[in-house]
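Novice: Quick one, structure for this:
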Amino acid sequence: MEQIFVPRVLPVKEYFAPGHRGCQGCGPALAFRHMLKALGPRTILANATGCSEIISSPYPLTSWRIPWIHVAFENAAAVASGIESAYKVMMRKGKIPQERVNFVGMAGDGGTGDIGLQALSGALERGHDMIYVCYDNEAYMNTGIQRSGLTPFGASTTTSPAGKISKGQPTWKKDMPAIAAAHHIPYVATACASYPLDLYEKFAKAAKIEGPKYIHILAPCPTGWRCGSDETVEIGRAAVESGIFNLFEITNGKKTLSLKVPERRPVADYFKPQGRFRHLKEDDIAYIQKKVDEDYELLLSEVE
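Specialist: Model prediction:
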């Protein structure tokens, strides 16, 4: 496997403090640490209701060492875009210094691709200078592991349970990076908590780009995915190495791969440690493998 991003020494300073209430092996928490290392202290984050908010802000404590705002489930993008607009006006009027500030809206897969999609689309279309982050643990984990529009085909959740008739989630995962890219914004990227250097580089790059940016992070959840808390990093790597989740960037419409995988692992390797896929039979896995192969070939045809 050839990694085409350039490793670097990460900053020591932590802006997502230890001591939060995330589960052991929490994929989103790993991602938040490296995201904020890249963005630094001149960052304002509008955080929708979800796992990230619950684990990080039990009153009167907080794990966020930056200005942080808890907002409703559906409006992280709207609030972040409002903050960006307010700062822009105050800078123009000379009420605050002219400086580069990172305005970030963040939600999980449900708060991004389902309940918050309208606000996100509006913010991207209006062209706000902000970064929108989806931490994707593939279900509504905070409220009981209900399926979302980004839950993968075949996964068993509390609202798409596997049984005698059902094979779990009946639909394919919503392609949020493609939806964001369809707004013709300057930067879209995918990342994974299992590849922290790549994740860091993409946020550092996004911070320097003017206009709306969208970064989609695969963030394994041991609780919802029913796997070991020590398997988070390996499962994320298996997702990428199998082609279930691909690492790429779209910069001004040009798509490039962040990681070349000469020989992909079978999707069965990714499914095996996860209880949410334990019910799948060989023909089910073969069906999913065929779809993943087709999608990967399409991805390669789109890469410039």
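
Novice: which SS class is the most centrally placed residue in the chain?
Specialist: For the chain, the residue nearest the mean C-alpha position is I217 (2.4 Å; CA atoms, centre = their mean). Under the three-state scheme (DSSP: H, G, I helix; E, B strand; the rest coil), the conformation of I217 reads as strand.

Novice: Determine the number of other residues adjacent to T256.
Specialist: 13 (other CB atoms under 10 Å). The way it works is simple: take the backbone N, C-alpha and C, and place the C-beta from them, glycine included.

Novice: hmm, back to that, do you know the pLDDT at the residue nearest to the centre of the chain?
Specialist: Residue-level confidence at I217 comes out at 98, pLDDT.

Novice: shouldn't it be in contact with N137?
Specialist: No: assessed by CB atoms under 8 Å, I217 is found out of contact with N137, at 9.4 Å.

Novice: got any residues that touch both of the two?
Specialist: P28 (CB atoms under 8 Å, 6 or more residues apart in numbering).

Novice: can you give me the helices in the stretch 151-300 of the chain?
Specialist: Per DSSP state H, counting those that start in this stretch, the stretch 151-300 of the chain carries helices over the ranges 176-181, 196-207, 222-225, 232-242, 267-271, 282-302.

Novice: Distance from the fourth one to the middle of the chain?
Specialist: Spelled out, that is helix 232-242. 14 Å (CA atoms, centre = their mean, to the nearest Å).

Novice: oh, and call the first residue 27 from now on, that's how I've got it
Specialist: With the count now opening at 27, the last piece we talked about shows up as helix 258-268.

Novice: counting contacts, what elements does it pack onto?
Specialist: helix 53-65, strand 213-218, strand 239-244, helix 293-297 (3 or more CB pairs under 8 Å, 6 or more residues apart in numbering; DSSP states H and E).

Novice: distance between the longest one and the chain's centre?
Specialist: It refers to helix 53-65. For helix 53-65, the distance to the chain centre is 11 Å (CA atoms, centre = their mean).

Novice: Tabulate the helices and strands packed on helix 258-268 in JSON lines, adding columns for distance to L71.
Specialist: Conversion of the helices and strands packed on helix 258-268 to JSON lines gives the following (distance: least, CB to CB, whole Å):
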{"stretch": "helix 53-65", "distance to L71": "8"}
{"stretch": "strand 213-218", "distance to L71": "17"}
{"stretch": "strand 239-244", "distance to L71": "13"}
{"stretch": "helix 293-297", "distance to L71": "31"}
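
Novice: To D201, which of the ones you listed lies closest?
Specialist: strand 239-244 (9.6 Å; CB to CB).

Novice: shaky segments in the stretch 177-326 of the chain?
Specialist: Within the stretch 177-326 of the chain, no stretch has pLDDT under 70.

Novice: My read is that A98 contacts G76, right?
Specialist: No: applying CB under 8 Å, one finds A98 not in contact with G76, separated by 10.7 Å.

Novice: which one of the two has more residues nearby?
Specialist: G76 (26 against 14).
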